[in-house]
Every structure is written in structure tokens, then in C-alpha cells.
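*Asks:* any chance you could fold what I've pasted below:
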Amino acid sequence: MQGIKLLMLAVFAVSAVIHLAASLQQNKPLRNKTKPFILIGLIGFYLCAADPIVLTVVLALGLSWLGDMLLIPKGTTWFTAGGIAFMLSHGFFILSYVKQTDFGRIPLWCLIALPALFTAAALIIFKDLRPHLPKGLFYPMLAYLIINGLMNCFAWFRAMTVGGTAGIITAAGALLFFVSDSSLFFVRFKKDSRLKTHFLVMLTYSLGEFLIVLGLIMK
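*Replies:* Just a heads-up that it's a prediction; the model follows:
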């Protein structure tokens, strides 16, 4: 099992590195070929390393992989389908965090302030994006990013409960996931954005997913 775990970790790391290099070079065919293996490697790593294996984590990662695949083709329909898959993924991550969270240990101000903070961040981001988005996508995409923010909130609530580095690592990964999604919206829709390639999107996404999994395995 140890050998398979290392193999899956290698699949994740190598495919992520090649994919990031392809993103810098704007080599779309190579990006499309390597993208499926990033989450396949991470799912395999989790299945080999986790004890116990938590079904909601597997579902969250599986839906993230599905979202990756649905975002490969061009078009609003594919983009929307990918967003739905990732939204469900965030929901299953939240369920995974809740299982390890004692809400009685979390100060009331944190329960209020963190959701308010991430909601405000999403609103600020979409204020800048609004002129560049199709009208039909504005509110669904805003709702999606707020749900991502809620996933972040529950990751931090878990961190306050479990203590140590396990909670912080997962929460840091969740935050990178928020940065990745925000970056994706600018790359995809804002043509005059400073973000011209998917490099930052995939760097923060791959590292974010890995840190989420690592923190959950450590606990």
C-alpha cells in the first residue's frame, strides 16, 4: 500500500508540474491531456493514506475531478455544468469539516464575522467582474463564489476545533481554492486582466486541493 500511495502522489505531482508548464506556455492540448491526472493522483493518494476513508471527502474530490473535465470544452453550458460540479464538491467538503467540528468551542463573533468576510470579498470581486460577465451568469457565479467562501468558513471552524497544524493546513488549502476560483473568473472573462494564462489558477487549485487532503489525512 505504501508503494501505491507514493505512486499516486507522484502521478499527482508530475501531472500538476507538466500542466503548470503547459499553462505558462499556453499549450492547450497538453493542458487538456494532463488535467485529468491531477485529481486522479490525489484521489488515489487519499484512498491509500487516509485512515479511515471518509466518503464525503471522496465525493468532494470526485466532483472536483468531474468539474475539471467539464471545464475543458468551451461554451457557457460546459462552464455552468463544471460550476455545478464544483459547487457540490464544496458542499461535500463542508460535510467533511462539520464531522470534525465542535461548534460550541467557536466564538460567536467568528461564526458571524467569517461568513461576512468571505461574502464581502466575493461582492468586491464581482463588482470588478460585472461589466465583463454575461448577464445570465452574474448571479449564479456570485452565488458559487459565496459557497466557496462558506467552505472556507467551515474549514476554519474545523481548524479552531482540531487545533495543531492539521486544521490550519486544510484551511490554507481552502483559501487557495478561493483564490483559484477568483483567478479563473478573471482569466476567462476579463480580457484586459493582468492574468493572461491559467498558471495561477491551476497552481492555487492543485496546491489547495492537496493541502485540504493533507490536513484531513493528518487528523
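*Asks:* phi, psi for Gly75 please.
*Replies:* Gly75 adopts backbone torsions of phi 120, psi 150, taken as degrees, to the nearest 10.
*Asks:* quick check: mean pLDDT of the biggest helix by length in the chain?
*Replies:* Longest helix of the chain, by residue count under DSSP state H: helix 135-162. Taken as a whole, helix 135-162 has a mean pLDDT of 95.
*Asks:* same check on stretch 48-66?
*Replies:* On average, the pLDDT along stretch 48-66 is 97.
*Asks:* quick one: contacts of it?
*Replies:* 1-2, 4-5, 8, 36, 39-40, 42-43, 46-47, 82, 85-86, 88-93, 95-96, 99, 209, 213, 216-217 (CB atoms under 8 Å, 6 or more residues apart in numbering). For every residue, glycine as well, the C-beta is placed using N, CA and C.
*Asks:* now do the helices in the chain.
*Replies:* 2-24, 28-49, 55-70, 76-98, 108-129, 135-162, 164-189, 199-218.
*Asks:* let me see the contact set for the nearest residue to Met151 once chain neighbours are set aside.
*Replies:* Residue nearest to Met151 in three dimensions, not counting chain neighbours: His90, with 4.1 Å by CB to CB, 6 or more residues apart in numbering. Listed by CB under 8 Å, 6+ apart, the contact partners of His90 are Ala60, Ile147, Asn148, Leu150, Met151.
*Asks:* and with 6 Å instead?
*Replies:* By CB atoms under 6 Å, 6 or more residues apart in numbering, the contact list for His90 reads Ile147, Asn148, Met151.
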